[in-house]
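A.B. asks: Dropping a prediction and its sequence here:
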Amino acid sequence: MFKFWLAWRYLNSCGNFLNLTSGLALLGMILGVASLVVSMAVVSGYESTLRRAVIDVVGHLLIIKRGQTIKGSEEVEKSMRPLVNGYQAHTPFVVVEAVLAHNKKITGVIIEGADPESVHKVLNLKSRLLPGGAFDLGFKDDLPNALIGKGLAEKFDLKVGDVFRVVTPQTSGYNREKFRPRLQRFNVVGVLSLGRYDYDQRFILTNILAAQDFAEIGEQITGVRIKVDKDRDAIMAATAINSDSESAYWARSWEAANRNLFAAVKYEKPIIFLVIFIIVVAAA
């Protein structure tokens, strides 16, 4: 109570504090400080939400082999575990680019094959599943199950239980100049809200065995996703791996996956703070 009394004595020391000019100045300062606090909270909340969405979908750390294929995740784990602080778990993945054709519409898509046994240890995709779907990367009626981004579901009017087709060009034998289309059908078992427009518009998740068969790569994998204890550990590990010119592996952290967006947020913070702080100074 003493602080409020002291503040009131100073504000009302001249006896004419409660006038239009001082009232507008005080109101301007209140609004300016409130705007400053709210704007910083919004920017920080956006950065946190973006970071969580990226980590949920792509993981902390992505490892691929320079100019070579990976025969199994064991070789990556053996090489990376000593270099990555806070190493928790890993999961192999296969990426295939294809074209989705359904209801007389076509679009380019990214099909990612995931290991049903280990994907949940690294990615938090279950929390992105919309109601009414099931996170089932198995097979039904000899067709692989698939989870699709909500943008694809809306664009092609796909619902749980529907079947859609994707096509990818494959080289014909030893002649790399000739291609043949390869067709694969999938069952829709769920729709994912991935937190990013570009992900929702192109992402299809299926069983890693189905992706390997579709791409005709045998037991080879595209790479491995790794989960670590702290988000910052992944950035430091990626820097250390990529700086080693003799390393056969290349790493990408969650921050590098969306470097432009995170950089924009980083530079916008002080600018927004400065612009709104001017309001507070003017009112004061």
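C.D. replies: Thanks, I have the structure now. Residues are numbered from 1 along each chain as shown.
A.B. asks: Show me the shaky parts of this protein.
C.D. replies: 10-19, 171-179, 283 (pLDDT under 70).
A.B. asks: Need the residue closest to the centroid of it.
C.D. replies: residue 54 (1.9 Å; C-alpha atoms, centre = their mean).
A.B. asks: Helix, strand, or coil at residue 108?
C.D. replies: strand (DSSP: H, G, I helix; E, B strand; the rest coil).
A.B. asks: Next secondary structure after the top strand by length along the chain?
C.D. replies: Longest strand in the chain, counting residues (DSSP state E): strand 175-192. Where DSSP states H and E defines the elements, the next helix or strand beyond strand 175-192 is helix 197-202.
A.B. asks: Can I get that next one as CSV, trimmed to CA atoms?
C.D. replies: C-alpha atoms of helix 197-202 as CSV (Å, rounded to 0.1, in the frame of the first residue of the first chain):
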residue,chain,number,x,y,z
TYR,A,197,0.5,-25.2,-45.2
ASP,A,198,3.2,-26.7,-47.4
TYR,A,199,3.3,-29.9,-45.4
ASP,A,200,-0.5,-30.3,-45.4
GLN,A,201,-0.7,-29.8,-49.1
ARG,A,202,1.9,-32.5,-50.1
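A.B. asks: What distance do you get for the closest residue to residue 157 other than its chain neighbours to residue 32?
C.D. replies: In this structure, residue 157 finds its nearest non-sequential neighbour in residue 103, 6.2 Å apart by C-beta to C-beta, 6 or more residues apart in numbering. Every C-beta, even on glycine, is put in place using the N, C-alpha and C of the backbone. Residue 103 sits 53 Å away from residue 32, going by C-beta to C-beta, to the nearest Å.
A.B. asks: Quick one: list the elements packing against the longest helix along the chain.
C.D. replies: The residue-count maximum for a helix in the chain (DSSP state H) belongs to helix 20-58. With contacts defined as 3 or more C-beta pairs under 8 Å, 6 or more residues apart in numbering; DSSP states H and E, the packing partners of helix 20-58 are helix 254-257, helix 259-283.
A.B. asks: Tell me which of those sits most buried.
C.D. replies: Mean neighbour count (mean count of other C-beta atoms under 10 Å) peaks for helix 254-257 among the helices and strands packed on helix 20-58, with a mean of 19.
A.B. asks: can you give me how far that helix is from the chain middle?
C.D. replies: 9 Å (C-alpha atoms, centre = their mean, to the nearest Å).
A.B. asks: Surely residue 195 touches residue 56?
C.D. replies: Yes - counting by C-beta atoms under 8 Å, residue 56 is a contact partner of residue 195 at 7.2 Å.
A.B. asks: In terms of neighbours, single out the busier of those two.
C.D. replies: More neighbours surround residue 56 than the other of residue 195 and residue 56, with 18 against 15 (other C-beta atoms under 10 Å).
A.B. asks: distance of the closest residue to that one other than its chain neighbours from residue 85?
C.D. replies: Counting by C-beta to C-beta, 6+ apart, residue 56 lies nearest to residue 124, which is 4.2 Å off, once chain neighbours are set aside. As judged by C-beta to C-beta, residue 124 and residue 85 stand 21 Å apart.
A.B. asks: do the same with residue 71
C.D. replies: For residue 71, the distance to residue 85 - C-beta to C-beta - is 26 Å.
A.B. asks: now swap in residue 166 and tell me
C.D. replies: 39 Å.
A.B. asks: Looking at the two, which is more packed in?
C.D. replies: For residue 166 versus residue 85, neighbours defined as other C-beta under 10 Å are more numerous around residue 166 (24 against 14).
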